[in-house]
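[1] Mind folding the following:
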Amino acid sequence: MADKKKDKKEKSPEDDYDFFAPHPHPTKVRVRQSFFDHVPDAYDGKSIAFNESPKRGQKKTAEESKPESPKPEEETPAESPDKTPVQETIANPITMDIVAADPWDTKYSSAQSRLLIKGGKIVNDDQSFDADIYIEDGIIKQVGTNLVIPGGARTIEARGKLVMPGGIDTHTHMQLPFMGTYAVDDFYSGTKAALAGGTTMIIDFVLDQKGVSLLEAYDKWRGWADPKVCCDYGLHVGVTWWSDQVAKEMETLCAEKGINSFKMFLAYKDVFMLNDDELYESFKRIKELGALGMVHAENGHLIAEKSKEMLKMGISGPEGHEMCRPEEVEAEATQRAITIANQANCPLYIVHVMSKSSADVVSKARREGKVVFGEPIAASLGTDGTHYWNKCWRHAAGHVMGPPLRPDSSTPGYLMDLLANNDLQVTGTDNCTFSADQKALGKDDFRKIPNGVNGVEDRMSVIWEKGVHSGKMDPCRFVAVTSTNAAKIFNIYPQKGRIAVGSDADIVIWDPKESRTISAKTHHQAVDFNIFEGMVCHGVPVYVITNGHVVLDEGQLKVTQGMGRFIPTPCNAEMVYGRVAKRELARMPQKVERDPYTGPVVKIENQDEVPGVKRDENPIVGDTASFAHSRPPTRGGGRNLQDSSFALSGEQFDDKAPRRAQIRTSNPPGGKSSGLW
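    Residues are numbered from 1 along each chain as shown. So this is what the prediction gives:
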């Protein structure tokens with residue numbers, strides 16, 4: 001009996017089997033065959049040997065996995081004490097050159113960069129459908145259902161959520177030197193905030209002072225951005241002065257530096273502004289290079305004069321900033337820029353459309369067939385200019401930007417309507433943030449308030465709230481105006497702006513049912529003010545993926561400084577220049593072939609003197625100052641009754657003759673009337 005109890009207490013090999021242990025092939029269903037056979041690899045070690053090759057070996061069959069019978073140990077003869085010991089020869093140490101280690105490249109750690117997004121609804125600009133996405137090495141490898149994927153991939157469950165291309169912010173100014181100070185959001189804090197809001201790429205502006213080389217300015221901005229950016233970025237270049245040197249450097253930027261857009265200013269007189277003739281020359285050069293012209297449209301001359309008038313009237317607060325820049329000043333400059341660009345046959349991009357009137361100008365030009373694009377920004381779509389009259393100076397100054405927000409409260413809805421119907425095409429932010437202390441530089445003069453507001457973090461939520469949640473646009477149009485159209489205009493499509501095989505894995509998983517309240521206390525930007533303070537937005541990014549890395553994971557933001565890349569933007573984008581080449585041929589001026597003129601030609605002896613033209617005499621009004629009658633006076637010196645007494649001046653010929661008090665007539669002309677009665 002004791003022997004039987006001992007047998008029961010003895011553990012069998014199957015008792016050590018853990019059914020929930022990790023399996024090398026998790027996609028296969030594991031069945032425990034306890035009655036017939038054991039699981040072949042159940043007793044193998046599951047620890048990962050990190051010092052070995054990460055590739056898995058072939059699975060052993062049951063026969064191969066059987067332990068081999070131990071071979072009998074061969075007896076080794078004992079060493080004789082007389083045997084001389086073995087002497088080991090040590091070679092001279094090998095000298096090696098010290099080489100700096102290359103930066104870690106994540107593409108070789110495939111197990112860490114494999115992602116499977118499962119169960120979501122993919123939304124592109126032209127269609128939406130249910131499918132899974134497999135990502136490896138920062139690239140979308142598969143899109144579909146029932147995907148066959150390698151092991152080691154992380155699975156993100158996206159059921160009930162929208163899977164969209166990451167946003168592209170076409171207009172930012174990170175750490176911009178402006179009006180004597182620098183923007184507080186640099187390329188690190190700015191791009192970190194962008195990722196938190198679902199934007200996976202920004203396009204910033206190289207914008208230096210007049211006279212500075214464009215190439216030097218470009219190198220300066222690249223030096224600022226490359227070590228700091230957390231997401232991919234591109235660059236526009238501002239043209240603030242004009243010369244032959246600028247024209248040559250523009251060609252170098254397009255051919256060698258990955259630039260395809262140049263921005264000119266019609267505002268900021270004596271700082272950034274170009275005159276009309278310089279603007280026309282720059283447009284012609286841009287057309288030759290196959291690039292895109294961009295314009296800040298405000299009348300700088302009128303703004304300078306109106307600003308002086310406001311200060312003379314004692315208006316020095318933020319409200320003066322808007323009053324010296326009325327809508328018609330923006331609309332006039334927009335129309336002028338479109339006209340000049342059209343004469344140069346240059347495609348045009350109007351940045352930060354802020355008013356109804358300027359938006360109407362862009363819309364009308366597009367209906368006339370002109371190649372022009374309009375960019376409203378998050379600020380103009382999400383708030384208005386009534387804040388300039390707020391009693392709190394800090395609150396009012398926090399909204400100062402150029403062009404200003406419009407006090408008409410219907411402007412945001414009007415711009416959203418045009419954006420939803422393709423009268424306006426893309427959205428940016430003009431993100432250029434300054435703290436309260438920096439804004440206070442203009443406490444006594446609104447002209448010295450640094451212009452700029454936030455928006456890079458909240459753009460996606462604001463547009464979803466005002467556009468999709470309000471019923472003005474569908475999710476496909478949302479993707480178009482926040483990502484795809486920008487990628488097409490700046491010629492980086494379909495690398496960016498689309499979920500498709502081969503595209504960059506820049507993806508945002510969007511929950512349309514969640515909501516959040518925007519506040520400066522919770523945003524990720526460095527600025528201490530938010531123009532959307534208190535706005536409740538329906539639609540929140542749950543996961544954000546940039547280049548295959550999950551940077552926003554269920555509300556947790558995990559970014560790496562310097563992880564972003566510079567994305568070149570090639571020239572001759574199809575969406576921009578698809579019509580321009582044929583249109584240039586169709587609009588080419590044509591000479592009229594005709595026979596030479598053989599008729600008489602007047603001879604001009606002295607070209608310096610223009611011969612006078614003798615004026616015909618007026619029969620009613622004479623050439624002299626005094627009126628001349630056509631009939632002579634009577635013999636008695638009186639006026640001839642058959643003569644006209646009309647004169648334009650009302651003058652009569654006998655006005656200078658002395659008047660008699662009265663004239664007594666016995667028999668007036670026509671006879672005496674009393675004799676008949």
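[2] ok, the residue nearest the centre of the chain - contacts?
    Nearest residue to the geometric centre of the chain (Cα atoms, centre = their mean): residue 170, 1.7 Å. Contact partners of residue 170, counting by Cβ atoms under 8 Å, 6 or more residues apart in numbering, are 203, 375, 426-428, 486, 489-490. (C-beta placed from N, C-alpha, C; glycine too.)
[3] ok, now with 10 Å
    If you count contacts by Cβ atoms under 10 Å, 6 or more residues apart in numbering, residue 170 has them with 201-204, 234, 236, 261, 294, 349, 351, 373, 375, 377, 425-430, 482, 485-487, 489-490.
[4] Show me the shaky parts of the stretch 101-250 of the chain.
    In the predicted model, the stretch 101-250 of the chain carries pLDDT under 70 at residues 101-112.
[5] just to revisit the earlier point, could you check the pLDDT of the residue lying closest to the residue nearest to the centre of the chain once chain neighbours are set aside?
    Leaving out its chain neighbours, the residue that sits closest to residue 170 by Cβ to Cβ, 6 or more residues apart in numbering is residue 428, at 4.2 Å. Note on residue 428: pLDDT of 98.
[6] isn't residue 288 right up against residue 250?
    Yes: applying Cβ atoms under 10 Å as the test, residue 288 and residue 250 come out as touching, 9.2 Å apart.
[7] Same drill for these two, tell me which one is more crowded.
    residue 250 (22 against 14; other Cβ atoms under 10 Å).
[8] so the more buried one touches residue 291, yeah?
    Yes: using Cβ under 10 Å, residue 250 is in contact with residue 291, at 7.6 Å.
[9] intersection of neighbour lists for those two?
    The overlap between the contact sets of residue 250 and residue 291 (Cβ under 10 Å, 6+ apart) consists of 237, 259, 262, 285.
[10] Take those and lay them out in a markdown table including neighbour count, secondary structure and distance to residue 210.
    Shown next, in a markdown table, are the shared contacts of residue 250 and residue 291 (neighbours: other Cβ atoms under 10 Å; DSSP: H, G, I helix; E, B strand; the rest coil; distance: Cβ to Cβ, whole Å):
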| residue | neighbour count | secondary structure | distance to residue 210 |
| --- | --- | --- | --- |
| 237 | 26 | strand | 14 |
| 259 | 24 | coil | 19 |
| 262 | 26 | strand | 15 |
| 285 | 21 | helix | 17 |
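[11] Doesn't residue 361 belong to a helix?
    Yes: judged by DSSP: H, G, I helix; E, B strand; the rest coil, residue 361 forms part of a helix.
[12] I'd guessed it sits against residue 295; true?
    No: checked against Cβ under 10 Å, the pair residue 361 and residue 295 is beyond contact range at 11.9 Å.
[13] what do these two both touch?
    Here residue 361 and residue 295 have 333-334, 336-338, 350, 372 as joint contacts, going by Cβ under 10 Å, 6+ apart.
[14] which SS class is the closest residue to residue 302 other than its chain neighbours?
    Of all residues not flanking residue 302 in the chain, residue 329 sits nearest, at 5.4 Å (Cβ to Cβ, 6+ apart). What three-state DSSP gives for residue 329 is helix.
[15] Then residue 209?
    With three-state DSSP as the basis, residue 209 sits in coil.
[16] Equivalent analysis for the one 3 residues further on, please.
    At residue 212 the chain is in coil, as set by three-state DSSP.
[17] dump the residue contacts of it.
    206, 220, 240-241.
[18] Look up how far residue 204 lies from the residue nearest to residue 170.
    Computed as Cβ to Cβ, to the nearest Å, the residue 428 to residue 204 distance reads 11 Å.
[19] Am I right that the residue nearest to the centre of the chain is in a helix?
    No: read with three-state DSSP, residue 170 is strand and lies in no helix.
[20] closest to residue 434 among the shared contacts of residue 250 and residue 291?
    Residue 434 lies nearest to residue 237 out of these, by Cβ to Cβ, at 22.9 Å.
[21] beta partners for the closest one?
    Here residue 237 sits in beta bridges with residue 206, residue 262, going by DSSP bridges.
[22] show me what contacts it?
    Residue 237 makes contact with 205-208, 214-215, 217-218, 221, 249-250, 253-254, 257, 259-263, 291, 294, according to Cβ under 10 Å, 6+ apart.
[23] Show me what residue 510 is bridged to.
    Under DSSP bridges, the beta-bridge partners of residue 510 are residue 162, residue 541.
[24] Apologies, that question was intended for residue 550.
    residue 545.
[25] Now do it, the pLDDT please.
    The model's pLDDT for residue 550 equals 96.
[26] measure it to residue 304 for me?
    Distance from residue 550 to residue 304, by Cβ to Cβ: 50 Å.
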